[in-house]
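Asker: everything below, folded, please.
(one chain, ligands or ions: 1)
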Amino acid sequence: MLIKDKYVLSLIKETKKLNLQITAQDSGHAQAQAGDISRSLGAEKYNLNYSNCEEDLLSKLFKDLAENNFTHGECREWEGTFTNNVPCTYVLGSRHYIRTIILKYLDIPKDGVTAKPKCLCKKCINPYHFTYVQGKNEKISCGDRKLVVAYRSQGVGIPQIAAALNVHRSTIYRQLSNELVSNGPESHRNGG
Ligand SMILES: [Zn+2]
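Answerer: Just a heads-up that it's a prediction; the model follows:
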């Protein structure tokens, strides 16, 4: 079994500071993680010390990312806070969405792309379950999008759909126009 060393990573942004417990095989591994974590949270600078502190949820998340403790088969539910059903955390003076943190940590360069769970578990933060949607303000999930189309095909009004999904009407209109673009040719399929 590998012996792992414990470090405390102190992230600094303006006047805010955040301490995270990280574990690493050696100092190079610790430095690499520190760089990734710092980038993912938009920190301005950081210090790394050979030390101990409490392992909070965010520390645990970065540990799981560093060790790839995720599997395709299982969802990983975020145990922290949510805003509009989206896993998030408040550190360094601002709100950070957990899935966005993960994308930045993994250095997946997708501008304006948001990660959503394709497993339809709203709490899931397993990167293997991510699907990527264009647009920062994507307010409805893939499952809900299908629902929008289904409702609409049954003749349900836009205001009712918006109320049912708890989003603004414009979101539904936008979604429907996206569906028309992406599913256009398929709508001519023969019915059985
Ligand atoms: Zn999942």
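Asker: flag every residue of the protein that's near the ion.
Answerer: The chain comes close to the ion at residues 75, 117, 119, 121, 124, 126, 129, as judged by Cβ under 5 Å from the ion. (C-beta placed from N, C-alpha, C; glycine too.)
Asker: how does it look with 8 Å?
Answerer: 74-76, 117-121, 124, 126, 128-129 (Cβ under 8 Å from the ion).
Asker: touching, residue 104 and residue 43? I think so.
Answerer: No - if you go by Cβ atoms under 8 Å, residue 104 and residue 43 don't touch, sitting 11.1 Å apart.
Asker: the two: who's more crowded?
Answerer: Comparing residue 104 with residue 43 by other Cβ atoms under 10 Å, the one with more neighbours is residue 43, at 21 against 18.
Asker: per-residue pLDDT, the more buried one?
Answerer: For residue 43, the pLDDT comes out at 97.
Asker: what would the residues of the chain next to the ion look like in CSV with neighbour count and secondary structure?
Answerer: Output for the residues of the chain next to the ion, formatted as CSV (neighbours: other Cβ atoms under 10 Å; DSSP: H, G, I helix; E, B strand; the rest coil):
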residue, neighbour count, secondary structure
74, 12, coil
75, 16, coil
76, 20, coil
117, 23, strand
118, 15, coil
119, 17, coil
120, 14, coil
121, 14, coil
124, 22, strand
126, 22, coil
128, 16, helix
129, 21, helix
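Asker: tell me the least confident of the residues you listed?
Answerer: In terms of pLDDT, the weakest of the residues of the chain next to the ion is residue 120, which scores 85.
Asker: low-confidence bits of the chain, can you list those?
Answerer: 1-2, 109-111, 135-140, 142, 178-192 (pLDDT under 70).
Asker: so which other helices or strands are in contact with the helix or strand where residue 114 lies?
Answerer: Element membership for residue 114 (DSSP states H and E) is strand 113-117. Counting by 3 or more Cβ pairs under 8 Å, 6 or more residues apart in numbering; DSSP states H and E, the packing neighbours recorded for strand 113-117 are helix 98-105, strand 130-134.
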